[in-house]
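>>> no sequence for this one, just the structure:
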Ligand SMILES: NC(=O)c1ccc[n+]([C@@H]2O[C@H](COP(=O)([O-])OP(=O)(O)OC[C@H]3O[C@@H](n4cnc5c(N)ncnc54)[C@H](OP(=O)(O)O)[C@@H]3O)[C@@H](O)[C@H]2O)c1
């Protein structure tokens, strides 16, 4: 598999594996622990070296599966995980918590579940507005000095908060939602900040949580507890309207002998050399299809055609429901001056 670099030095496969859906969020297709371990190992055999998880996925179980799956090849892979949530004794997420001591506690617990002595890339999952980002970056800097963490990442921060964090501890990767139907990173200065600061970009949900891959429609039945039921873009009306985007991906794919999922991923890869998408799946044949996107070349003419066609399509529905939308793109508190 081709390689890409995040930040100054973190080399990873050009397409990573987002492991969340193995155990969390998309209950319509979660798999057993053993199947998850098998799929992760199959990904390694096919050249994937970049695996994405988080404390909150499950919670906890996703890190356990990733840890078990990657133990035999630990030194050949990059493990990314995330902190930042307050999780109560029943496993419910009840708020944000990026206080430095909490970060330390979460990292110790994640290391145990991941069966390793270091996290290669540690992201703050969401900005905690109550904790100055300098304190968060400072805590991660200490963990890096201790060798427990190798690189610092952030997910969905406000641009100013990203810049402030980077000034304390260089940020290796930013993980935001980015795909043909979620273009905010282009519009809100995020990509430009990555260009300027030399920060890698890891698009999450690069297949639009499955929709852009073309296997969903207004008639798709999701399990009642599937997270997508709560997302406005997955209402039957929105799925019907947004099908125009899938039709475009199919049309471009047909010309190139590629699937819609591959075109969606190839489009991301073509945006910047430091972009590394992390599609998720519970199925081996789709994993193979997705990583095959590294071999799909989109020419300047293809990219122009896509750009023009997409500009005619108005995406229906937000990417999150309001409470989740309120958590993205936020800035952290400034340290009190005591005045
Ligand atoms: N930082 C954050 O806040 C955040 C938020 C969300 C996700 N993430 C990370 O990003 C990763 C990827 O995002 P995601 O899982 O939300 O969305 P995604 O990769 O855009 O899509 C995953 C969905 O697409 C389906 N799928 C995958 N490949 C397919 C193909 N070739 N054809 C048809 N359907 C296909 C999967 O179903 P099957 O399993 O049935 O194949 C699954 O339901 C996650 O695993 C997680 O690590 C991070």
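Good, I have the coordinates. These figures come from a predicted structure and were not determined experimentally.
>>> give me the beta-bridge partners of the closest residue to the ligand within the chain?
Of all residues in the chain, residue 18 sits closest to the ligand, at 2.2 Å by Cβ to the nearest ligand atom. C-betas here are computed from N, CA, C, even on glycine. The residues paired with residue 18 through beta bridges, assigned by DSSP bridges, are residue 52.
>>> I'd like the numbering to begin with 613 instead of 1 from here.
With the count now opening at 613, the last piece we talked about shows up as residue 630.
>>> how close does it get to residue 832?
From residue 630 across to residue 832, the span is 20 Å (Cβ to Cβ, to the nearest Å).
>>> of those two, which one has the most company?
Taking residue 630 and residue 832 together and counting by other Cβ atoms under 10 Å, residue 630 has the greater number of neighbours (26 against 15).
>>> who touches that one in this structure?
Contact partners of residue 630, counting by Cβ atoms under 8 Å, 6 or more residues apart in numbering, are 664, 816, 817, 890, 891, 892.
>>> spell out which residues of this structure are next to the ligand.
630-633, 638, 641, 664, 767, 787, 816-822, 825, 827, 873, 890-895, 898, 901-902 (Cβ under 6 Å from any ligand atom).
>>> filter those to the buried ones?
Burial of the residues of the chain next to the ligand was assessed by neighbour count (16 or more other Cβ atoms under 10 Å); the buried members are 630-633, 638, 641, 664, 767, 787, 816-822, 825, 873, 890-894, 898, 901-902.
>>> in strands, which of the residues you listed fall?
With strands defined by DSSP state E, the entries of those inside them are 630, 664, 767, 787, 816.
>>> pLDDT score for the fourth one?
For residue 787, the pLDDT comes out at 98.
>>> mind checking how far it is from residue 684?
Counting by Cβ to Cβ, the separation of residue 787 from residue 684 is 26 Å.
>>> same question for residue 866.
When Cβ to Cβ is the yardstick, residue 866 and residue 684 sit 40 Å from each other.
>>> neighbour count for those two, which is higher?
A side-by-side neighbour count of residue 866 and residue 684, using other Cβ under 10 Å, places residue 866 first with 12 against 9.
>>> would you state the helices of the stretch 663-812 of the chain in chain order?
If you assign secondary structure with DSSP state H, counting those that start in this stretch, the helices in the stretch 663-812 of the chain sit at 673-682, 712-726, 745-757, 771-780, 796-799, 802-809.
>>> and the fourth one with helix 745-757, angle?
Here the directions of helix 771-780 and helix 745-757 differ by 40 degrees (axes from the mean of the first three to the mean of the last three Cα atoms, to 10 degrees).
>>> and helix 771-780, what does it pack against?
Using 3 or more Cβ pairs under 8 Å, 6 or more residues apart in numbering; DSSP states H and E as the contact definition, the elements that helix 771-780 packs against are helix 745-757, strand 761-767, strand 783-789, helix 802-809.
>>> show me which residues of it are buried.
For helix 771-780, the neighbour count (16+ other Cβ under 10 Å) marks 771, 773, 774, 775, 776, 777, 778, 780 as buried.
>>> again with the longest one
For helix 712-726, a neighbour-count test (16+ other Cβ under 10 Å) marks 714, 715, 716, 718, 719, 722, 723, 725, 726 as buried.
>>> let me have those residues in a markdown table, extended by pLDDT and distance to residue 674.
Putting the buried residues of helix 712-726 into a markdown table (pLDDT from 0 to 100; distance: Cβ to Cβ, whole Å) gives the following:
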| residue | pLDDT | distance to residue 674 |
| --- | --- | --- |
| 714 | 98 | 19 |
| 715 | 98 | 19 |
| 716 | 98 | 21 |
| 718 | 98 | 14 |
| 719 | 98 | 16 |
| 722 | 98 | 11 |
| 723 | 98 | 15 |
| 725 | 98 | 9 |
| 726 | 98 | 10 |
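>>> which one of these is nearest to residue 943?
Taking Cβ to Cβ as the measure, residue 943 sits nearest to residue 715 out of the buried residues of helix 712-726, at 18.5 Å.
>>> where are the low-confidence patches of this structure?
949-951 (pLDDT under 70).
>>> grab the most central residue of it for me.
residue 816 (2.9 Å; Cα atoms, centre = their mean).
>>> just checking, it touches residue 794?
No: counting by Cβ atoms under 8 Å, residue 816 stays clear of residue 794, with 9.5 Å between them.
>>> can you map out the helices along the stretch 813-951 of the chain?
Under the criterion DSSP H, counting those that start in this stretch, helices of the stretch 813-951 of the chain are mapped to 848-868, 872-883, 896-903, 912-923, 934-937.
>>> of these, flag the one that's most buried.
Per-stretch averages of neighbours, counted by mean count of other Cβ atoms under 10 Å, single out helix 872-883 among these, with a mean of 24.
>>> next one: that helix to chain centre, how far?
Average the C-alpha atoms of helix 872-883, do the same for its chain, and the two points are 15 Å apart (Cα atoms, centre = their mean, to the nearest Å).
>>> what's the angle from that helix to helix 802-809?
Using the same axes, to 10 degrees, helix 872-883 lies at 40 degrees relative to helix 802-809.
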